[in-house]
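A.B. asks: Quick one, what's the 3D model for this:
(one chain, ligands or ions: 2)
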Amino acid sequence: MPSTAHVSPDEIRKGFSKAMSDMYRDEVPLYGALMELVAETNTHVLDTQPHLAQQLQRTGEIQRLDMERHGAIRLGTAEELATISRLFAVMGMQPVGYYDLTPAGVPVHSTAFRAVHEQALQTSPFRVFTSLLRLELIENPDLRAFAETALAKRSIFTPGALALIEQAEKEGGLDAENADEFVRQALETFRWHHTATVTGAQYQQLSDQHRLIADVVAFKGPHINHLTPRTLDIDHVQAAMPDKGITPKAVIEGPPCRRCPILLRQTSFKALDEPIAFTDAQGSHSARFGEIEQRGVALTPKGRALYDQLLNAARDELGAFPNEGNATRYVELMERHFQAFPDDHAQMREQGLAYYRYFTTEQGLAARGSADQPRTLDALIAAGHIDVEPLVYEDFLPVSAAGIFQSNLGDAAQSHYAANSNQAEFEKALGRRTIDELKLYGETQQRSIDACTQALLA
Ligand code: OOG
Ligand code: NI
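C.D. replies: Ligands and ions are numbered 1, 2, ... in the order given. Here you go, the predicted structure:
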């Protein structure tokens, strides 16, 4: 009987992503409104842009579009990070990339847990931006000690989740019944708590140091703080949000609007204050917000260097953090500087700025083995035997993430930390190395080239 067979980690992730979305929709009604707006927008875009619809059909993204979302959590200790890494591994999610947010005044460093192979991403692209608080950046030694003690006392995983993680590790997977139970148990870690573990005064002290520190230290667990759907037209969603009673942040993070989207563009709205029972008094806390994103082609190291250079130039010229007052000028500056970034896939590919996926065409397969069949990749593309499609960016951007953090913490919360990126320390806490995302894009691209070569030339 196959009843004891293991459920694939990709299917567990798919089930978990759905369960998380249902929980968040129940708890945060605006999330439901946002999901509807994104679904309407995507339908409209697919109806009116047949070329884009065809491209997403070819890459398979069209099938994963409505399940595509990312969440974010903030952890307090090395042990929590190491265990969450094991929990995500049960769902086929691995830590990809390292993001240092301290230069932007946010006392965390982060990674993104996600599936790493294009086939696994196709089953479920769910990812979680996971940050670890850097307690060493709290200057006041008493407050630091208090935070450490509070965090040492909490246990963010249910005993059931811990047991199933161990079982999955020992037996190499979970059967259907245990997989369902794992999803239920794992979900508890991400749930919102209406009660805090500290007094109102202690919360205030933590919050005065940094609102993010209070958000991590004062609660029983790392509540999911947003769940972000993927849209095909972020400018449209940004413009339509106020009609739905949602106020977006002043600027869209990431590259400017282009014909050929690159990397990632994101916008968010501030969450309402939510009532919290402190151990001695009633109060409130705001942590949960909404965000939407539009994904474009992944950039090579050369493309990314150009992106960073143009973004920095635009921001330097603005001379301030983008905000309501300078938003129009910021958009103008971004558009002007990014004229130096070719807005054409053929050019980006020829100049080695972005990654692509290669697919055989009917015509290519029909011409297989014929005397005049082209023999090189470029010649096969020119002859229409191979189709080239952008390889979508699956990761995050540190400057954008900082902008999202800041807009939700309020600009007053900006602090200044000496930039001291510490990937080694993060990986020590994690208990493993983070994966270099560029290597993953290179591998996916190469696999698609190999498959074409195999199908047409072997
Ligand atoms: C994470 C903020 C970053 C993104 O999409 O870049 C982020 C957080 O607020 O915990 O979600
Ligand atoms: Ni996000």
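A.B. asks: Could you tell me which residues of the stretch 151-300 of the chain lie near ligand 1?
C.D. replies: N225, Q266, E291 (CB under 6 Å from any ligand atom). The way it works is simple: take the backbone N, C-alpha and C, and place the C-beta from them, glycine included.
A.B. asks: Contacts for the one helix or strand L310 maps to next, please.
C.D. replies: When secondary structure is defined by DSSP states H and E, L310 falls within helix 301-318. The contact list for helix 301-318 (CB atoms under 8 Å, 6 or more residues apart in numbering) reads 255, 262-263, 299, 322, 326, 329-330, 333-334, 336-338, 340-341, 348, 351-354, 399, 438.
A.B. asks: what about the helices in the stretch 251-400 of the chain?
C.D. replies: Here the stretch 251-400 of the chain has its helices, by DSSP state H, counting those that start in this stretch, at 301-318, 327-337, 345-350, 362-366, 377-382, 398-409.
A.B. asks: returning to that earlier point: drop the exposed ones from the contacts of helix 301-318 and show what's left.
C.D. replies: 255, 262-263, 299, 322, 326, 330, 333-334, 337-338, 341, 348, 353-354, 399, 438 (16 or more other CB atoms under 10 Å).
A.B. asks: Taking their axis directions, the helix or strand bottoming out on mean pLDDT in the chain and helix 301-318 sit at what angle?
C.D. replies: Using mean pLDDT, DSSP states H and E, the weakest-scoring helix or strand in the chain turns out to be helix 398-409, at a mean of 82. If you take axes from the mean of the first three to the mean of the last three CA atoms, to 10 degrees, helix 398-409 sits at 50 degrees to helix 301-318.
A.B. asks: Off-centre distance for helix 398-409?
C.D. replies: 13 Å (CA atoms, centre = their mean, to the nearest Å).
A.B. asks: Please enumerate residues in contact with that helix?
C.D. replies: Under the contact criterion CB under 8 Å, 6+ apart, helix 398-409 has outside partners 99-101, 103-106, 110, 129, 210-212, 225, 249-251, 253-254, 264, 266, 268, 270-271, 286-287, 289, 291, 311, 315, 321-322, 413-414.
A.B. asks: show me where pLDDT drops low in the stretch 351-458 of the chain?
C.D. replies: Where the stretch 351-458 of the chain drops to pLDDT under 70, the residues are 410-419, 421.
A.B. asks: My guess is G254 contacts L264. True?
C.D. replies: Yes: under the criterion of CB atoms under 8 Å, G254 makes contact with L264 at 5.2 Å.
A.B. asks: Show me which of those two is the more surrounded one.
C.D. replies: G254 (26 against 23; other CB atoms under 10 Å).
A.B. asks: neighbours of E253, just the number please.
C.D. replies: Quick note: E253 (other CB under 10 Å) scores 23 neighbours.
A.B. asks: That one reaches T267, doesn't it?
C.D. replies: Yes: contact criterion CB under 8 Å: E253 and T267 qualify, at 6.9 Å.
A.B. asks: Any idea what the closest residue in space to D273 that isn't next to it in sequence is bridged to?
C.D. replies: Residue nearest to D273 in three dimensions, not counting chain neighbours: S284, with 4.2 Å by CB to CB, 6 or more residues apart in numbering. Beta bridges link S284 to P275, judged by DSSP bridges.
A.B. asks: got a pLDDT number for S284?
C.D. replies: Looking at S284, its pLDDT is 95.
A.B. asks: separation between it and L365?
C.D. replies: S284 is 62 Å from L365, where distance means CB to CB, to the nearest Å.
A.B. asks: got the residues of the stretch 251-400 of the chain near ligand 2?
C.D. replies: Taking CB under 5 Å from the ion as the contact definition, the stretch 251-400 of the chain meets ligand 2 at E291.
A.B. asks: Which residue does the stretch 251-400 of the chain have closest to ligand 1?
C.D. replies: Residue of the stretch 251-400 of the chain nearest ligand 1, by CB to the nearest ligand atom: F396 (4.6 Å).
A.B. asks: give me the number of residues near that residue?
C.D. replies: 25.
A.B. asks: what's the answer for E61, then?
C.D. replies: With other CB under 10 Å as criterion, E61 counts 20.
A.B. asks: In contact with it, which residues?
C.D. replies: Here E61 is in contact with V392 (CB under 8 Å, 6+ apart).
A.B. asks: give me phi/psi at it?
C.D. replies: Here is the backbone geometry of E61 (degrees, to the nearest 10): phi -60, psi -30.
A.B. asks: quick one: it and ligand 1, what's the gap?
C.D. replies: For E61, the distance to ligand 1 equals 19 Å [CB to the nearest ligand atom, to the nearest Å].
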